[in-house]
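with the sequence up front, the predicted model follows.
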Amino acid sequence: MDRARTGGAIALAGAAAIAVVVGLASSAQAATTLGASAADKGRYFGTAVAAYKLSDATYSGILDREFNMITPENEMKWDATEPTQGQFSYGSADQIVAHANAHGQRMRGHALAWYSQQPGWAQNMSGTALRNAMVNHITNVAGHYKGKIYAWDVVNEAFADGGGGGRRDSNLQRTGNDWIEVAFRTARAADPGAKLCYNDYNTDGINAKSTAVYTMVQDFKARGVPIDCVGFQSHINSGSPLTSDYQANLQRFADLGVDVQITELDIAYSGTQQANAYASVTKACLAVARCTGITVWGIRDSDSWRSSDNPLLFDNNGNKKAAYTSTLDALNAGGTTSPPPVSTSPSRSASPSPSTSPSGPGGGQGCTATTSVNQWQGGFVVTVRVTAGSAAINAWTVGLTLPTGATVTGTWNVTRSGNSWSNVSYNGHVNAGQYTEFGIQGTGTAGTLSPTCAGS
Ligand code: G2I
């Protein structure tokens, strides 16, 4: 990586972005925020958000500076979204989604089916009535947010703690062991573009509980149950410590053909021990190609569900802690030396900076595109994967022609112009050898596709 390269774009108020070419001696330049650094590695860095805190300027200031993925801490749970059966209430969750849209952040949805935080009416249900209520809930909530969610925690915390390796008892579990796969199939039908995750805690090392989840994922993949990702909450504390097999555990799940994500990270250690543990978790994610991102469970220590443990990256006043610095350093150190992304600055423009690479065309800035098709009677979803070549790219366009009779009804993570499909603001930058994905939903038959890719 000894090429000079293009510098950043400066957005002028109300005017088009102009590219400023800056010759850099080296392409390595440390990113200064968690989100930008993670994006530089083809990943995201997110946090849990409470809607009622968005009006707190310190809170939202840190949120919008540092994080490019948001999980609603409570606002998308069953008790919040369907307090009365059949009557849906999306106000607080919509507020968070609107904030994310306004600030170029993506959304993780949390959580469609869970034994906890059920509304009272569901807690009192059982059998077929509860099963039907769960399906109706997932259909409505995932449908309401269709196209707006990067990944859903479809099922949360369904396995028992301890050595038994079995399912947790709950009213949902008592509707029949297939409730989890029914939840995933229902979510896929409601929002075919969202990644569908299973999410749990105390599964952060190789143990009986994580192995039980592993066995389920293996079975789902073998039988074609739609599962795309596994979330590892990673609520680390002395009773549930960070273990040396953390990375190996992520890797064994990734090897099953699912993405893995750290979904609710907080670490109830202090000082250097906490900083080191955050760095270890970050390095583990960066070392696993299919670990697509890290989410911490809150911003300041005072925002934490267990605030007395001070388990987060910012102190009560919003100052960066040692754990913040170690996390950012680990992000910056991980992976290859690639340029800071054009797509993650707070003043991002809607389109990527024009490419004016001094190395010119053919300077190794290529990409390849591959497709996978999920076809059913009358409809399809095409997932297109854009993989950068031997150098990072900052923008891409895929050429893809669908057969006559196929009609596009929805897309995600992409902007379309006829048969040209180009990156959106947050996914133009793809590190060397890394990939990003976009989706096309349609009616008719997708057939055999021959995509081309141009990167710059
Ligand atoms: O418990 C930590 C997390 C474990 N994994 C699943 C997550 O969804 C869970 O998050 C926590 C939230 O951080 C808390 O904020 O889930 C708790 C509920 O299980 C949340 O606490 C609840 C309180 O228990 C309620 O009394 C309160 O009404 O927050 C609610 C909204 O503020």
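Looks like it came in fine. Numbers count the residues shown, from 1 in each chain.

what are the ranges of the strands in the stretch 51-200 of the chain?
Counting by DSSP state E, counting those that start in this stretch, the stretch 51-200 of the chain forms strands over residues 69-72, 106-114, 151-156, 195-200, given from the N-terminal end onward.

mind showing which ranges of the protein have poor pLDDT?
For the chain, the stretches flagged by pLDDT under 70 are 1-28, 335-365, 375-377, 412, 426.

what does it put close to the ligand?
Where proximity means CB under 6 Å from any ligand atom, the interface of the chain facing the ligand comprises 73, 74, 116, 117, 156, 201, 233, 264, 305. All C-beta spots, glycine's among them, are computed from the backbone N, C-alpha and C.

now those in CSV, with neighbour count?
Rendered in CSV, the data for the residues of the chain next to the ligand read as follows (neighbours: other CB atoms under 10 Å):
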residue, neighbour count
73, 20
74, 18
116, 12
117, 14
156, 23
201, 19
233, 23
264, 24
305, 14
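
for those residues, name the two members farthest from one another.
Across those, the longest distance by CB to CB is 16.3 Å; it joins 74 and 201.

deepest in the core, which of the strands of the stretch 51-200 of the chain is it.
Between the strands of the stretch 51-200 of the chain, the one whose residues have the most neighbours on average, counting mean count of other CB atoms under 10 Å, is strand 151-156 (a mean of 28).

distance from the chain centre to it, please.
Between the centre of strand 151-156 and the centre of its host chain there is 11 Å, according to CA atoms, centre = their mean, to the nearest Å.

residue contacts, whichever residue of the chain sits closest to the ligand?
Distances from the chain to the ligand, computed as CB to the nearest ligand atom, single out residue 305 as the nearest residue at 3.4 Å. Shown in contact with residue 305 (CB atoms under 8 Å, 6 or more residues apart in numbering): 73, 297, 298.

list the contacts of the residue nearest to the first one when sequence neighbours are not counted.
In space, and not counting its chain neighbours, residue 73 is closest to residue 48: 4.2 Å by CB to CB, 6 or more residues apart in numbering. Contact partners of residue 48, counting by CB under 8 Å, 6+ apart, are 70, 71, 72, 73, 264, 295, 296, 297, 298.

touching, the second one and residue 45? I think so.
If I follow you right, that is residue 71. No. With contact defined as CB atoms under 8 Å, residue 71 and residue 45 do not form a contacting pair (11.9 Å).

identify the contacts common to the two.
Overlap between the contact sets of residue 71 and residue 45, as judged by CB under 8 Å, 6+ apart, is given by residue 295.

now do the SS call for residue 261.
Per DSSP: H, G, I helix; E, B strand; the rest coil, the local secondary structure of residue 261 is strand.

can you tell me who it pairs with across the strands?
With DSSP bridges as the criterion, residue 261 is bridged to residue 231, residue 293.

any chance of the contacts of residue 305 in a markdown table, plus distance to residue 454?
As requested, these are arranged in a markdown table below (distance: CB to CB, whole Å):
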| residue | distance to residue 454 |
| --- | --- |
| 73 | 41 |
| 297 | 40 |
| 298 | 41 |
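
closest to residue 85 out of the residues you listed?
Residue 85 has its nearest neighbour among the contacts of residue 305 in residue 73, at 23.8 Å by CB to CB.

next, give phi and psi for that closest one.
phi -70, psi -40 (degrees, to the nearest 10).

got phi/psi on residue 333?
In this entry, residue 333 is assigned phi and psi values of phi -80, psi -20 (degrees, to the nearest 10).

understood, closing this out.
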